[in-house]
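Novice: what's the 3D shape of this:
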Amino acid sequence: MYKSVIRDGKFLVLVVDGIFDTPLMELPTEELADKVAFELQSAWEDGIERGSNQKQSDLLGTGGDTEITSNLQKLQAMSAEERDAYHQRVDRRNERIEKVAEARRWRNVLSWKEHN
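Specialist: Below you'll find the model as predicted:
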């Protein structure tokens with residue numbers, strides 16, 4: 001994980017693995033250190049998710065293709081109004097999921113500020 005901390009008046013981004021915490025870089029402002037740690041953590045989590053999705057796809061083989069085909073057929077069978085309503089529901093759900101993930105990521109990145 002990546003953490004943003006203030007130590008000895010320096011704004012640091014740390015790499016933390018549960019045992020060690022190693023300073024990665026010092027930045028000129030607290031806001032910049034927070035943002036850099038957040039972006040690094042976001043990139044890390046995106047990589048983990050993509051790797052997991054790729055592994056699942058490899059294990060399922062063509063099983064995912066049939067699910068996609070089935071979902072496309074359901075969408076094609078819907079009327080334009082039903083499709084619009086469906087897309088709005090999916091968009092709202094995805095926005096909520098992203099907001100929760102972003103809040104969790106910020107909380108994790110800033111979590112050591114209260115302790116150090």
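Novice: list the contacts for L14?
Specialist: Residues counted as contacts of L14 (Cβ atoms under 8 Å, 6 or more residues apart in numbering) are 2-5, 21-24, 37, 112. No exception for glycine: its C-beta is placed from N, CA and C like everyone else's.
Novice: Closest one to G47 out of those, please.
Specialist: Nearest to G47 among the contacts of L14: Y2, at 12.7 Å, using Cβ to Cβ.
Novice: what sits against that closest one?
Specialist: With contact taken as Cβ under 8 Å, 6+ apart, Y2 is in contact with 13-16, 24, 37-38, 40-41, 44, 109.
Novice: Now the element after the lowest-mean-pLDDT helix or strand in the chain, going C-ward?
Specialist: Of all helical and strand segments in the chain, the minimum by mean pLDDT, DSSP states H and E falls on helix 63-77, at a mean of 79. If you walk from helix 63-77 toward the C-terminus, the next helix or strand you reach (DSSP states H and E) is helix 80-110.
Novice: Name the surrounding residues that touch stretch 31-38.
Specialist: Among residues not part of stretch 31-38, those counted as contacts by Cβ under 8 Å, 6+ apart are 2-5, 11-14, 25, 27, 105-106, 109-110.
Novice: same thing but at 7 Å, please
Specialist: Contacts of stretch 31-38 from elsewhere in the structure, counted by Cβ atoms under 7 Å, 6 or more residues apart in numbering, are 2-4, 11-13, 27, 105-106, 109-110.
Novice: would you turn these into CSV with distance to D84 and pLDDT?
Specialist: Listed next are the contacts of stretch 31-38 as CSV, based on distance: Cβ to Cβ, whole Å; pLDDT from 0 to 100:
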residue, distance to D84, pLDDT
Y2, 40, 93
K3, 43, 93
S4, 41, 94
F11, 47, 95
L12, 48, 95
V13, 43, 95
L27, 45, 96
R105, 31, 90
W106, 33, 91
V109, 37, 88
L110, 39, 88
